[in-house]
Every structure is written in structure tokens, then in C-alpha cells.
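my questions concern the predicted model and sequence given below.
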Amino acid sequence: MTEYADWRGRQVQVGAETIEAVLAALGVDTTDPERARQQREHAPWLRMLPPAVVTVAGRLTQVPVHVIDGDPVEVWVELEDGSARRAEQVDHWVEPREIDGSRIGEATFAVPADLPLGYHRLRARSGDTDAEGHLVVTPAWLGLPEHADRRRQWGFATQLYSLRSGGSWGLGDLTDLTDLAVWSASELGADYVLINPLHAAEPLAPLEPSPYLPSSRRFFNPIYLRVERIPEYAALPQAERDAVDQLVGQLPPWLTPQDPVDRDASWTAKRAALRIVHAAPRTAGRELDYAAYRAREGDALTDFATWNVLAEDHGNDMREWPDELRRHDSAAVRDVARAHADRVDFECWLQWVMDEQLLLAQAKAQDAGMGLGIMHDLAVGVHPGGADAWRLQDVYAQGVQVGAPPDPYNQLGQDWSQPPWRPDRLAELGYQPFRDLIRAVLRHAGGVRVDHILGLFRLWWIPVGGPPDQGTYVRYDHEALIGVLALEAHRAGAVVVGEDLGVVPPETRDYLSSRGVLGTSVLWFEYDDQGGPLPAEHWREWSLASVTTHDFPPTAGYLAGDQVRLQHQLGILEGDLDEELATAREQVDAWLAELRRRGVLDGGDETEDAEEVTQALHRYLALTPARLLCVSLADAVGDRRTQNQPGTTDEYPNWRVPLAGPDGVPLPLEQVFTSARARALAAAVASGAGAR
């Protein structure tokens, strides 16, 4: 976009340098603008078929086909199942064009409206010339899976790493997740557990603490493995089991609330233990299972594993590697993979055992009665020097990175340092990288939350080295991306929740709702046109509704204004402390008045008990028509500290805060299971949601 409306409603003209940098990232030669314009206009006419057509089931879709003017052409569709369907030409006159001495005509063909959902191929033939393109037929409406759409669903949201049980290696893992799901389903009637992104991080410390800046979104972080649940562990000789026990025994315990989650210590010990288990022999059946997994995941898994091996030797940022190793398809990289086949195998094996433990978590959750099970979180992008940026660098734009323009909360804008997808490359590949990503996330899941889902419509591209306010929006084919997302979710029997908080155009929310993608409603953001609390009956039906989010303190802390004091302490509070505290108090008081008006909170104005108010706020959620209700596990146990303070990096232990009780003392998962406070809050939500 060459201009856009800023947060004040003013039209902003994008600078020429920014436009040139963004066009260069899209592969456009800007040295001759007129030639670049002509190439752009002529490009579709120089292809017989468009690279990708994404449509909706039941819709009659017309496809432009370009051939030498007057030449006959036939078009058909090859379906996923191997059968074929003919496309019929329709009467639609388009003036031919003279391009490079040839007269090119455009014929229009109609793709049958009754094609099945799936990834098909468009084929065309004119004389001796053949062409093909991608045809994706997506569901018109997703919504909730049929088995989970009989009543309203509710569940817990938690940062998995913040949990710790007696068997954890310093942070929560997939066994803890399994136990949490079984407990919350069987004893409290929960239908899902929403967790932070489990995307893959770096192979060696120091690890990036933010789960929203991963090395890869396609693969998972083995830090969440429970070593002792891997079948080969049970058959280890005693000496090797003792070595594993010694590694876990050396990890420091959580002693005080100030002790952050130590990913580096946990992963260093766990990785050493996993090498011991990897070396153990596997049964013939297990070998077959592992071989089948590697065959299914294909080159993507091998490339990812190779990146990890290279990162061990050259560092976690591939931009600092020797030149010959910076492309995944170079001869030097192939030589490394052959020379270190066992190390590559170890990285592949880690993903296999992750797949097994993710499968077990989802199966146990549903077996315990959950309607959805585990709901994953999909980050916006990846680290610019990580595995995905390395193995898919032809799909990611170079020389630019994603961020956000100035807004009321950050008037300088934000630079997230993540490379964006190139929309043209995605189309050329039939959206294969995106569908592979969604399929992997939903392989063992009942749902996915898509962080910043507006990014499937447009992203703020910033030239590398430039300030974040000197960027521009680049639009994506949201119908194609949302369609692929819906198709993969439909096939997985999963729900999709889009995080659409903040400044989101109304038409974006309308479109998501029209496709059956749920939005996100956070109580502290829900206000009417007069600035008062939005009455419950006016909330969106197709949304996941919660009281708080991970960027705010848990409810007990928010009621006390902890977020304002923390911002003041960190030096990022723009206004006066007392004034901001008073404003925060007014917001809380307005909600307390609304709670009393609706009869979900007893007592007069003196009511200040955090547990009582937290329960009342969640009873209010149950008054809304929202199809999914979400309870922060931190709220359930009375925790107060936020997981992430926007606007900070190292000033606050973002994404490293252990789950704690009201007294601030870290709370083992076993105590969560016996918490009367958690049971009471779950009952408050379940009574309104319609408990089983």
C-alpha cells in the first residue's frame, strides 16, 4: 500500500524508499518503474493458467485461461482421488492483448461447483502446450466440530512451561499437560486446554524465551518431552538410567517467586538425557513406526534436523554462518548431512517422540471427556535466523521484517524482527508451506488459536535497518489463507480461534465470522459506544471469551492495578502513576457495578475480595453468547504476576514466570489438582456453560 490510515485516522503517504525496498523484497526491479509496471500487468497473460485458485465448496468458479488468440484449449480438473472432471468454457469476451509480438487471448472456464473439498490440480492443453495450476476447494463454513457443537464449551488456558510437577525437569512438559487435561476434564468438566505455542526453539542454550519467536513453526520444541515416558527409557541398563537420574537431580529447584523458569538449564540436562535414550535399541515394530514417521515428514524434517546440527556447530543464527551453509540446498549442506547422519537422526527422532507424546496428550484428553482436547497456539512468524527462514528462504521476503505501525500504546511502532511470507511465492506453491504448517499444528489437536490473525489479511513490512514507523502494509490473499486454514481444520475435526484484539477493521471480523472462524473477546477490552462495559448479551457469539490474556496480569493482579505499577517500575508508563492508577480503578469499578447490576456479584461497593470478584467476572462470561469460554489457570489458583509485559525484553522475565498461588509461592501441579479455589472457579464457569 502506498498510503494508509494511521491510528489517529489520518492518511499517511508511504515514503519512496520504503516502497522501493518492499517492491525489491517482492522481486520487482525498481530501476525502471515503467518496465516493472508493464511486467506486472503482463505477467498473468503470459501464463496459460493462474498458479493457484482457491475457492469455496458449492461456488461456481471462473478461471481465466491465456493462449494465442484463436487457438483451441481444453481445461480439466484432476482430483485428489485421481479422477478427472471437465471444465466448461463460458461466454465471456475479453479484449486480446499484444505482448512481445504475440496476440494473447483470454478464455474463461467454469470449474464445477460440486467438486469435493481438497487440493486438486487444474490442467490445460492447447496444441502441444500443457499447463497446470493448483485448485483448492475449501469449506464455506467451519464453526465447531459436530461432536463439540451440541453445547457451549469451556476450558483452561495456561503457559505450559510455567507448570511444574514432581516429575518435571524444571518446567512443565507434555506429561504435565496430559495430567492437567485429564484432571480438568474428568473432575471439572472442561472441554479443552489452550496452551502457548510449542514451536521449535534453538538446539542449544541460550534459548529464546518467547514462544512467539520460534526457530520453526512447522516442528515442535522437544524441551516439552518427558524423558521417562519414552518407551526405550524403561529398557535402559541401570548405569544409563542412573546417568539420566543424575542429570535431572542436578537441576536447581524453584525456591522463590523471583526464580524464573530456567529453560537453558532444563534443556541442557534434558538434551543430554535424550541422547542416552536415543542410543538405546528399539524393537522391530518401533523401528517401523519411526521409519514411517520419517517417510511421512519427508525432506522438511531432514532439512530441519540438518539446520539443528549446523546450529550446534555454528550458532543459532544462520545469518552468521559461512556463506556456503546459508542455503539448505547447497552441496556443502548435503555434505554435512551425510557426514553427520547420526546427529541428523537424533534431531529427527526428537520430533518423532514429540509426535508420540502429543498424540497421547490429545487421546487422553478426549478419552477423559473433552469435546476438543488440546488447543495449540500459532505464532505470527519465525526467527529471521532460524530453521524455517533457512529452509524456506525463497518463500520468505528478504530485506524486510514484520512489525506494527504506531498506535496509541506504542507511538513509535513495533519491529518484531520476523521475515514475512511472500504472497506471490505462496500462490506459486499452492500454499503448500502454509498448509503443511497448519496440518502439523493440528495433527494431534482439537483446535488452534491463530495469534494476530489480521496477519492473514495484511502485514506491516519494515525495511531492515529502518525505524518501525517507516513501513507499509502488504496485503495477502486472505480468502486463500483462511480457506486453507479452514480446510485443514475441517479435516482435523478442529476449531480455529483468531486473535483479533486491538485495531482490527470491522470487515475483517465480519469475514472471519462468515467463514466460521471464532474471534477473541477479552472482558477488559469489551466496551460499548459510550465507553461503559459491553452488556453480556451484546458480545459476539462466535468467539472465545475470557476475562484476561497473557499480556495482562491475572485477574487478582489486574483488579489491584498491578499492570500500572509494573509499567511505572519499568519506566514504560507514559502518564502519571497516580492518574493511571485512578483510570485503571475507574475501569474496575465500572465492571464491578455491571456485575452487581446483573446479579453475579453480591455485596455493596465495599466488595473487594479478589477471589469473589474473579468468580463473578467468570459468571458474567457465562451470560454472554460466546461459544467458547476460557479460564486462565493463573486465575484459577489466584496467581498475580503477568507472563509477558509488552514493550520489554530483558527488563522483565517475560515468558519465564512460574505458576504461583495467591502468596506468590510457586505452585506444583499436584497442588493445583487439590485446589479448592480452582474447583470453585471452574464451577462458576461450568454452571453457566452447561456442565456435563
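Right, received. Where do you want to start? Numbers count the residues shown, from 1 in each chain.

what packs against the host helix or strand of Ala269?
The secondary structure element spanning Ala269 is helix 263-278 (assigned by DSSP states H and E). Counting by 3 or more C-beta pairs under 8 Å, 6 or more residues apart in numbering; DSSP states H and E, the packing neighbours recorded for helix 263-278 are helix 231-234, helix 238-249, helix 341-367. C-betas here are computed from N, CA, C, even on glycine.

need the contact list for Ala185.
For Ala185, the residues meeting the contact criterion (C-beta atoms under 8 Å, 6 or more residues apart in numbering) are 191, 365, 368-370.

just give the number of residues close to the spatially closest residue to it that is not a sequence neighbour.
Using C-beta to C-beta, 6 or more residues apart in numbering and skipping the chain neighbours, the partner closest in space to Ala185 is Ala368 (3.8 Å). Ala368 has 17 neighbours, counted by other C-beta atoms under 10 Å.

with Val75 instead?
Neighbours of Val75 under the rule other C-beta under 10 Å: 23.

the longest helix seen in the chain - contacts with which helices or strands?
Assignment by DSSP state H gives helix 284-314 as the longest helix of the chain. With contacts defined as 3+ C-beta pairs under 8 Å, 6+ apart, helix 284-314 has these neighbours: strand 216-220, helix 331-339, helix 341-367, helix 387-391.

give me the beta-bridge partners of the residue positioned nearest the centre of the chain?
Within the chain, the residue whose C-alpha comes closest to the C-alpha centroid is Leu378; the distance, by C-alpha atoms, centre = their mean, is 0.9 Å. For Leu378, the residues forming beta bridges with it (DSSP bridges) are Val450.

among the contacts of Ala185, which pair sits farthest apart?
Taking every pair in the contacts of Ala185 and measuring C-beta to C-beta, the maximum separation is 10.5 Å, between Asp191 and Ala368.

what about the closest residue to Ala584 other than its chain neighbours, distance to His568?
Once its chain neighbours are removed from consideration, Ala584 has its nearest residue in Gly561; the separation is 4.6 Å (C-beta to C-beta, 6+ apart). Using C-beta to C-beta, to the nearest Å, Gly561 is found at 10 Å from His568.

hang on, the earlier thing: nearest to Gly430, of the helices and strands packed on helix 284-314?
Among the helices and strands packed on helix 284-314, strand 216-220 comes nearest to Gly430, with 16.5 Å by C-beta to C-beta.

what's next to the closest one, contact-wise?
Defining contact as C-beta under 8 Å, 6+ apart, one finds that strand 216-220 is touched by 197-200, 300-301, 304, 351, 354-355, 358, 378-379, 381-382, 386-388, 436-437, 440-441.

before we move on, what about stretch 561-575?
Taking C-beta under 8 Å, 6+ apart as the criterion, the residues outside stretch 561-575 that touch it are 552-553, 557, 577, 580-581, 583-585, 588, 640-642, 645, 647-648, 651-652.

among those residues, which are in strands?
Secondary structure of the contacts of stretch 561-575 is defined by DSSP state E; no position falls in strands.

filter these down to the buried ones and hand me the PyMOL line.
Selecting just the buried residues from those in PyMOL takes one command, with 16 or more other C-beta atoms under 10 Å as the test:
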select buried, resi 552+553+557+580+581+584+588+640+641+642+645+652
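
sorry, back to before: tell me the contacts of the residue nearest to Ala185?
Ala368 makes contact with 181-182, 185-186, according to C-beta under 8 Å, 6+ apart.

between the residues you listed, which is nearest Ser210?
Distance to Ser210 across the contacts of Ala368 (C-beta to C-beta) is lowest for Ala181, with 24.3 Å.

correct me, but that closest one touches Leu360?
No: with contact defined as C-beta atoms under 8 Å, Ala181 does not count as touching Leu360 (10.4 Å).

so those two - more neighbours on which side?
Comparing Ala181 with Leu360 by other C-beta under 10 Å, the one with more neighbours is Ala181, at 27 against 17.

got phi/psi on the nearest residue to Tyr476 once chain neighbours are set aside?
Distance criterion C-beta to C-beta, 6+ apart; nearest residue to Tyr476, sequence neighbours excluded, is Pro423 at 4.9 Å. When read as degrees, to the nearest 10, the backbone of Pro423 gives phi -60, psi -30.

how many residues are close by Pro423?
Residues contacting Pro423 under the criterion other C-beta under 10 Å number 17.

ok, the one 5 residues further on next?
For Glu428, the count of nearby residues is 16 (other C-beta under 10 Å).
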